[in-house]
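K.L.:
this one's structure only:
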């Protein structure tokens, strides 16, 4: 392999490669969750930033309504339409629409009630610590590195709260 080919292999993800590495994902707490994801940032060596190419088929949802406490997230629609729910309000999105979720973020979620796939870029930070709330199922996840812990939201107490 030439030096130029080695550099390209480390930094460039070709469209055909992205499509070939796409994998189906779903969220364990949402039976309507179905999304195909190509992890572009990871494939190109990014460690602190996530960038993914995602596709949600008609009648399905991305993951589960959630709010990030530490990491910012965003999405940019390439094809199709979707509804993004932000703090209980639904907004229609189409090609070229961008949505940002600064941390701490509002509760948000993407779903596709339309007749064609929605294809979008999604990305955000990848910090050593992330906390996400999932109010529709009453859960909080705490991710430290690769370890994820799940806590019931109802069990969370402030330091000065009585036990």
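P.N.:
Sure, I can see it. The shown structure was predicted, so the numbers you read here are calculated from the model rather than taken from an experiment.
K.L.:
pretty sure residue 40 contacts residue 15?
P.N.:
No: taking contacts as C-beta atoms under 8 Å, residue 40 lies outside contact range of residue 15: 10.2 Å. From N, CA and C alone the C-beta is placed, and that goes for glycine too.
K.L.:
So for these two, which sits in the more crowded spot?
P.N.:
residue 40 (18 against 9; other C-beta atoms under 10 Å).
K.L.:
Could you measure from that one over to residue 119?
P.N.:
Residue 40 sits 13 Å away from residue 119, taking C-beta to C-beta, to the nearest Å as the criterion.
K.L.:
Can you pull the residues that touch both of these two?
P.N.:
When contacts are counted by C-beta atoms under 8 Å, 6 or more residues apart in numbering, residue 40 and residue 119 are jointly contacted by residue 53.
K.L.:
Skipping adjacent residues, who's closest to the residue most central in space within the chain in space?
P.N.:
The central residue of the chain, meaning the one whose C-alpha is nearest the mean C-alpha position (C-alpha atoms, centre = their mean), is residue 122 at 6.1 Å. For residue 122, ignoring the flanking residues on the chain, the nearest one in space by C-beta to C-beta, 6 or more residues apart in numbering is residue 75 at 4.5 Å.
K.L.:
Tell me how many other residues surround that neighbour.
P.N.:
By other C-beta under 10 Å, the residues close to residue 75 number 24.
K.L.:
so it bridges to which residues?
P.N.:
Applying DSSP bridges to residue 75 gives these bridge partners: residue 99, residue 122.
K.L.:
looking at it, it is touching residue 99, isn't it?
P.N.:
Yes: Residue 75 is in contact with residue 99 according to C-beta under 8 Å; the separation is 5.2 Å.
K.L.:
which residues of this protein fall in strands?
P.N.:
Counting by DSSP state E, residue ranges of the strands within the chain are 23-25, 35-38, 49-56, 60-61, 67-68, 73-79, 82-86, 89-93, 98-101, 108-112, 118-125, 129-134, 139-144, 147-152.
K.L.:
Averaged pLDDT, the third one. What do you get?
P.N.:
Yep, that's strand 49-56 we're talking about. Summarised as a single mean, pLDDT over strand 49-56 is 96.
K.L.:
Describe which strands that strand pairs with in its sheet and in which direction.
P.N.:
According to DSSP bridges, strand 49-56 forms sheet pairs with strand 35-38 (antiparallel), strand 118-125 (antiparallel).
K.L.:
Residue 26 is nearest to which of these?
P.N.:
Of all the strands paired with strand 49-56, the one in closest proximity to residue 26, counting by C-beta to C-beta, is strand 35-38 (7.1 Å).
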